[in-house]
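# Structure for this input, please:
(one chain, ligands or ions: 1)
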Amino acid sequence: MAIDSPLAERFAAVRHALPPTCQLLAVSKGQDAEVIREAVALGQRSFGESRLQEALLKRERLEDLGPLDWHFIGRLQANKARAVLRHFGTLHSLDSLPLAERLQRIAMEEGVAPVVFAQVKLRPDPGKTGFEPDALREAWPRLADLAPLRLRGLMTIPPLGLDPAQRLALFHDCAALGRELQLPELSMGMSGDWREAVQAGATWIRLGSGLLGNRPAAEG
Ligand SMILES: *Cc1c(COP(=O)(O)O)cnc(C)c1O
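Next comes the predicted model:
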C-alpha cells in the first residue's frame, strides 16, 4: 500500500496528535479483515472488536500476521465470557460485580490474566450499561481484589448530544474518579470526541470510523 494512502494519512494525523502517554486502539468492528491487514502494515498492533463471532472469523483470516493485541470493547455477555477470555488480552467493558466475579473464576480456570477496564456511566444514559460512580465505589473493595484479572482503568462513553465542553467535563470527571481509585488507565474518546478525551488524560483512545473509514458492515 502506498504510504500516502488515505488510511496512512489518517494514522499519521492521529499519531501526530497523541501524547506519548496515550495509546491508539484501532476499532475494527464492522471492518473487513483486509482493512486490519493494511493497518498492521502501517504499524498498528492493537485492535478493538465488539462482537465475538465476527472477531474470530476475521482473526482466522489474519493468522499469518502472527499475534496482535486484541481488545474486547463490546457488551460482555455472561455466556460468552469464557470465549472472550480465551481470545482477548484486554477487556474494556466490565459493567457489573457479578460479571467481574464470573470473569475472575473463568480466568483462573483458563490460566489467563487479562487487563480489565471498568465501564463507568457518568451521566444518565438509558442506552448504556456501566457502573454509576457511587455503585463503583461501593463495589470497589471487592473489585480491587480480582486477581488474576488486572483491573487497571476506567472506560467511558459519553451520551449522545453533549457539546464539546460537556464532553470535556465528563472526561475530566472520569479522570478524577480514576485518580480516586488509583487506576492508572483511562479508555475514553472515540472518533467524534477523542481530542477532548486526550485533553482530559485518556491513556487509550478507541477510534473506528474516523481512523479506518466508515464501516461497511452493520453497526453493533
Ligand atoms: C464502535 C465503538 C468505538 C469506535 O467508534 P467510532 O465512532 O467509529 O470511532 C469505540 N468504542 C466503543 C465501545 C465502540 O463500540
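# What helices and strands are in contact with the biggest helix by length in the chain?
Longest helix in the chain by number of residues (criterion: DSSP state H): helix 164-180. If you count contacts as 3 or more Cβ pairs under 8 Å, 6 or more residues apart in numbering; DSSP states H and E, helix 164-180 packs onto helix 133-143, strand 150-156, strand 185-188, helix 194-199. From N, CA and C alone the C-beta is placed, and that goes for glycine too.
# chain center to the third one, what's the gap?
On the basis of Cα atoms, centre = their mean, to the nearest Å, strand 185-188 sits 8 Å off its chain's mean C-alpha point.
# what's the answer for the first one, then?
Between the centre of helix 133-143 and the centre of its chain there are 20 Å (Cα atoms, centre = their mean).
# among the helices and strands packed on helix 164-180, which is nearest Phe47?
Closest approach to Phe47 among these (Cβ to Cβ): strand 185-188, 13.9 Å.
# quick one: is the closest one near the ligand?
No: remark: strand 185-188 sits outside contact range of the ligand, by Cβ under 6 Å from any ligand atom, the gap being at least 8.2 Å.
# Would you pull up the residue in the protein closest to the ligand?
With Cβ to the nearest ligand atom, the shortest gap between the chain and the ligand falls at Gly208, namely 2.6 Å.
# what's the burial count for the residue nearest to Ser50 when sequence neighbours are not counted?
Distance criterion Cβ to Cβ, 6 or more residues apart in numbering; nearest residue to Ser50, sequence neighbours excluded, is Gly74 at 2.8 Å. By the measure other Cβ atoms under 10 Å, the count of residues near Gly74 is 19.
# next one: the one 4 residues further on
By the other Cβ under 10 Å criterion, the neighbourhood of Ala78 contains 12 residues.
# go on, Ala176?
Residues near Ala176, counting by other Cβ under 10 Å: 14.
# show me the contacts for it.
Shown in contact with Ala176 (Cβ atoms under 8 Å, 6 or more residues apart in numbering): no residues.
# Could you look over the helices and strands packed on helix 164-180 and pick the most buried one?
strand 185-188 (a mean of 27; mean count of other Cβ atoms under 10 Å).
# Contacts for it, please.
25, 92, 115, 117, 152-157, 171, 174-175, 178, 197, 200-206.
# Send me that strand as PDB with only the CA atoms.
Output of strand 185-188 as PDB, limited to C-alpha atoms (Å, rounded to 0.1, in the frame of the first residue of the first chain):
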ATOM      1  CA  GLU A 185      -5.500   3.800  32.700                       C
ATOM      2  CA  LEU A 186      -8.400   5.700  31.100                       C
ATOM      3  CA  SER A 187     -10.100   4.300  28.000                       C
ATOM      4  CA  MET A 188     -12.100   7.200  26.600                       C
END
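# All the helices of this protein, residue numbers only.
Using DSSP H, helices in the chain cover 6-17, 33-41, 52-61, 81-87, 97-110, 133-143, 164-180, 194-199, 209-212.
# contacting residues for the spatially closest residue to Pro124 that is not a sequence neighbour?
Of all residues not flanking Pro124 in the chain, Pro159 sits nearest, at 7.4 Å (Cβ to Cβ, 6+ apart). Residues near Pro159 by Cβ under 8 Å, 6+ apart: Arg123, Pro124, Asp125, Gly127, Lys128.
# min pLDDT across the residues you listed, which one?
Model confidence across the contacts of Pro159 bottoms out at Gly127, which has 87.
# Can you pull the residues of this protein lying near the ligand?
Residues of the chain lying near the ligand (Cβ under 6 Å from any ligand atom): 27, 29, 50, 73, 157, 190-192, 206-210.
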